[in-house]
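> Sequence and predicted structure below; questions after.
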Amino acid sequence: MNEIVRKQILAIRDSGRTNMFDTNMMQYIANEYGYYELAVFLEEHHKEYVRFILTGEQ
């Protein structure tokens, strides 16, 4: 996970718009915000994303 994706995840988390485990909504919001790197990351690296949400590890 690169720094851009990490910042995008945290920005959506801080918005409070969705449960962070609802990856479909995360992708929807990422596209809405123009966070295309995150939308692709969620599709291709689901396990890494969940690990980051659970542990904070990148």
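Alright, I've got the coordinates. Residues are numbered from 1 along each chain as shown.

> Just want the most central residue of the chain.
residue 9 (3.9 Å; Cα atoms, centre = their mean).

> so who does that one touch?
20, 38, 49, 52-53 (Cβ atoms under 8 Å, 6 or more residues apart in numbering). Heads up, the C-betas are built off the backbone N, CA and C, glycines and all.

> Show the buried residues in these.
38, 49, 52 (16 or more other Cβ atoms under 10 Å).

> I'd like the contacts of residue 9 written out as a markdown table, with distance to residue 27 and pLDDT added.
Shown next, in a markdown table, are these (distance: Cβ to Cβ, whole Å; pLDDT from 0 to 100):
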| residue | distance to residue 27 | pLDDT |
| --- | --- | --- |
| 20 | 12 | 95 |
| 38 | 8 | 97 |
| 49 | 10 | 95 |
| 52 | 15 | 95 |
| 53 | 14 | 94 |
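
> Which of these fall in helices?
Cross-referencing those against helices under DSSP state H gives 38, 49, 52-53.

> Pick out the most distant pair among these.
38 and 53 (12.6 Å; Cβ to Cβ).

> can you give me how far whichever helix in the chain runs longest is from the chain middle?
Secondary structure assigned by DSSP H gives helix 3-15 as the longest helix of the chain. In terms of Cα atoms, centre = their mean, to the nearest Å, the centre of helix 3-15 is found 6 Å from the chain centre.
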